[in-house]
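Undergrad: What follows is a protein structure lacking sequence information:
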């Protein structure tokens, strides 16, 4: 089993809009793909860049190849929408992990 984690760093000015978008668009699109399940959106409490808020979206996947294919296609499209909407107020990076326990 695999975990697909995307970390989003946003400014407080767009935080509420980002959370709504993540729930209504990003997570919904990912779940409809059939690749992912059990999404968890969490606010990161660890220290990060001043003047920003960070969130981690974790979703489980049975196949790393399917998760990567989604990341490269629909996921990329979703993140491009954010970059166009919010520009420098939005940053993201993704990590694939294997669940070992």
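TA: Ah, there it is. None of the values given here were measured: they were computed from a predicted structure.
Undergrad: from here on, contacts and neighbour counts on C-alpha atoms
TA: Fine.
Undergrad: Outside of the helix ranked longest in the chain itself, list whatever touches it.
TA: Criterion DSSP state H: the longest helix present in the chain is helix 76-86. Around helix 76-86, the neighbours that count as contacts under C-alpha atoms under 8 Å, 6 or more residues apart in numbering are 14, 26, 90-92.
Undergrad: Just the helices from this structure, written as ranges.
TA: 15-21, 28-32, 64-70, 76-86.
Undergrad: quick one: buried residues of the second one?
TA: The reference is to helix 28-32. 29-30 (16 or more other C-alpha atoms under 10 Å).
Undergrad: Kindly report the same for stretch 28-45.
TA: In stretch 28-45, counting by 16+ other C-alpha under 10 Å, buried: 29-30, 35-37, 39, 41.
Undergrad: among those, which two are most distant?
TA: 35 and 41 (17.0 Å; C-alpha to C-alpha).
Undergrad: one step back: I'd like the helices of the chain laid out as CSV, including mean pLDDT and distance to residue 7.
TA: CSV is the format used below for the helices of the chain (pLDDT from 0 to 100; distance: least, C-alpha to C-alpha, whole Å):
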stretch, mean pLDDT, distance to residue 7
helix 15-21, 95, 12
helix 28-32, 95, 15
helix 64-70, 95, 16
helix 76-86, 87, 11
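Undergrad: what's the pLDDT at the closest residue to residue 9 other than its chain neighbours?
TA: Distances taken as C-alpha to C-alpha, 6 or more residues apart in numbering put residue 54 closest to residue 9, at 4.3 Å, once the chain neighbours are dropped. On pLDDT, residue 54 comes in at 96.
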